[in-house]
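>>> missing the sequence, but the structure's below:
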Ligand SMILES: C[S@@+](CC[C@H](N)C(=O)[O-])C[C@H]1O[C@@H](n2cnc3c(N)ncnc32)[C@H](O)[C@@H]1O
């Protein structure tokens, strides 16, 4: 999830960000958050998908000069933008546009780094503060609301507003949300297999089960007489929430709340002084200042511990790039969610934000795309023990000792990065592969051992990477060829007949799966290159 930082920092003149920073918001998918859902896909609809340039980059093809964006001028977009402006949102230098089929935000005028380019009042967003009472008792029972996780609450808000139809104050926002959100949670088992990656397939399968159970809970928790949303609608709402929500520290009081409180305290001091006489002024004022400071300190401490979530119209049109520094923040003085440009943008170019540091596992699971050359990517290996046992037979006694030392998990779920394996994994392997009679328990193997032991460890790691690559179903070269052929080309080629080979029955989703597995293979291949000193 993303964090909204408690913010301060007003914008300076001419829309440039003032030095004092606002609190950062994080996108929802970060760091293995709980799952989230979505709504029924009415007929085929414009849907965010990995762009052609992204596919070209994944395939290693030279990227041509990007064509100018197609600004979106349909009636739903126009009505939405007018509604957002009416609600106080300000985004003069941005326009929604389509970039090779992917909707995003384009610079409509020159933008300089640090310019404040987007501001959406908190009142125009759908926010979820901690411990919020059920805001839609006409839709779900308060008991259901109280027991629901954050993403279900936000999903229920979307569905409750949608059920109101055109009379909803959020109708223009709802109208322009994607009609379908193509993330793996909605994929069939067969399509999931095209990811080729056991770790994510397992996670998504669990997510599908969790969301199905949550839908059953919702069906039982509807307000009397209200028909429950279909499972597809519920999944749509949750998927929207999980791919569009930002989160951050909770700010309990806005500036205007504090000013109101200060006014009330001053009123009480004056009233008390008038009633008790001028001599009481010093005491009353001292007590008032103490109470006021206590309130601010209490809320500051509280805001560091509690989290709030927000679906921010317009801001949620921005696509992600991990190379961007721009993030969504909460600006305390404006009581608004804001974005400042992370760099200069020429008119027509796409303006990105960072959803936070996320591996492609998280980007794929919650957003439906993989980022080429994502520096935060890793390959989670769940079969290292199996690969180890193909080369050596660690004794049950040593495995037991490893377990006792809490190091067994370092061999069961291993995050392999382009740089190699984690120190704890190396330590566990050294202990298991050390010759009989080697002194010391697992703790004695933290540092590299002798050349012979390190060589044995290296052999196991190389074997594991090679076995893992071989088990994936297609080679990197085959996947690159599939991606280069693009949609409609290479159907089933390369990997035809092999597990996880790209098939043409899923259209864009298959392209996303191929782009994803290319990145996984690149991580493993680079790790292997490091281990073998370049020989692969
Ligand atoms: C917060 S929304 C961004 C706006 C979205 N493109 C739209 O049309 O509503 C997040 C979704 O945008 C798409 N997206 C964001 N960044 C992307 C990227 N770098 N490459 C491909 N798709 C991306 C994914 O579909 C993701 O689920």
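Sure, I can see it. Only a predicted model underlies this, so the values are computations on that prediction, with no experimental measurement involved. Residues are numbered from 1 along each chain as shown.
>>> Right, and the ligand sits closest to which residue of the stretch 401-536 of the chain?
Nearest to the ligand in the stretch 401-536 of the chain, going by C-beta to the nearest ligand atom, is residue 512, at a distance of 8.4 Å. Glycine gets a C-beta too; all of them are placed from N, C-alpha and C.
>>> Around that residue, how many other residues sit close by?
Residue 512 has 27 neighbours, counted by other C-beta atoms under 10 Å.
>>> Show me which residues of the stretch 301-450 of the chain are close to the ligand?
When proximity is defined as C-beta under 6 Å from any ligand atom, the stretch 301-450 of the chain approaches the ligand at 316-317, 319-321, 367-369, 371.
>>> Include secondary structure and neighbour count when you put those into CSV, please.
CSV is the format used below for those (DSSP: H, G, I helix; E, B strand; the rest coil; neighbours: other C-beta atoms under 10 Å):
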residue, secondary structure, neighbour count
316, helix, 21
317, helix, 23
319, strand, 19
320, strand, 19
321, coil, 17
367, helix, 26
368, coil, 24
369, coil, 23
371, coil, 26
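>>> now those residues as CSV including pLDDT?
Compiled in CSV, those are given as follows (pLDDT from 0 to 100):
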residue, pLDDT
316, 97
317, 98
319, 97
320, 96
321, 95
367, 97
368, 97
369, 97
371, 97
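>>> ok, back up a step: distance between the one helix or strand the residue of the stretch 401-536 of the chain closest to the ligand maps to and the chain's centre?
Per DSSP states H and E: residue 512 is located in helix 508-532. On the basis of C-alpha atoms, centre = their mean, to the nearest Å, helix 508-532 sits 20 Å off its chain's mean C-alpha point.
>>> Could I get the pLDDT score of residue 93?
Residue 93 is assigned 97 on the pLDDT scale.
>>> Tell me who's in contact with the closest residue to it other than its chain neighbours.
With C-beta to C-beta, 6 or more residues apart in numbering as the criterion, residue 93 has its nearest non-adjacent residue at 4.5 Å, and that residue is residue 109. Going by C-beta atoms under 8 Å, 6 or more residues apart in numbering, residue 109 touches 92-93, 347.
>>> Now do the SS call for residue 109.
At residue 109 the chain is in coil, as set by DSSP: H, G, I helix; E, B strand; the rest coil.
>>> Select only the buried ones of the contacts of residue 109 in PyMOL?
Here is the PyMOL command that selects the buried residues among the contacts of residue 109 (16 or more other C-beta atoms under 10 Å):
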select buried, resi 93
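>>> out of the contacts of residue 109, who's nearest the ligand?
Distance to the ligand across those (C-beta to the nearest ligand atom) is lowest for residue 93, with 17.8 Å.
>>> From the recorded domain assignment, give the ranges for the protein.
142-249, 260-305, 379-532 (automatic domain parsing).
>>> for those, which one ends up most surrounded?
Ranked by mean neighbour count under mean count of other C-beta atoms under 10 Å, the domains of the chain are led by domain 142-249, which reaches a mean of 20.
>>> Does it reach the ligand?
Yes: against the ligand, domain 142-249 shows contacts by C-beta under 6 Å from any ligand atom at 178, 243-244.
>>> Out of those residues, which is nearest to the ligand?
Checking the residues of domain 142-249 next to the ligand against the ligand by C-beta to the nearest ligand atom gives residue 243 as the nearest, at 3.6 Å.
>>> Surely that closest one is in a helix?
Yes: in this structure, residue 243 lies within a helix as judged by three-state DSSP.
>>> Which pLDDT value goes with residue 288?
Residue 288 carries a pLDDT value of 74.
>>> for residue 235, same thing?
98.
>>> Check which element follows the least confident helix or strand in the chain by mean pLDDT along the chain.
Ranking every helix and strand in the chain by mean pLDDT, DSSP states H and E puts helix 52-59 at the bottom, with a mean of 45. Later in the chain than helix 52-59, the nearest helix or strand by DSSP H and E is strand 70-71.
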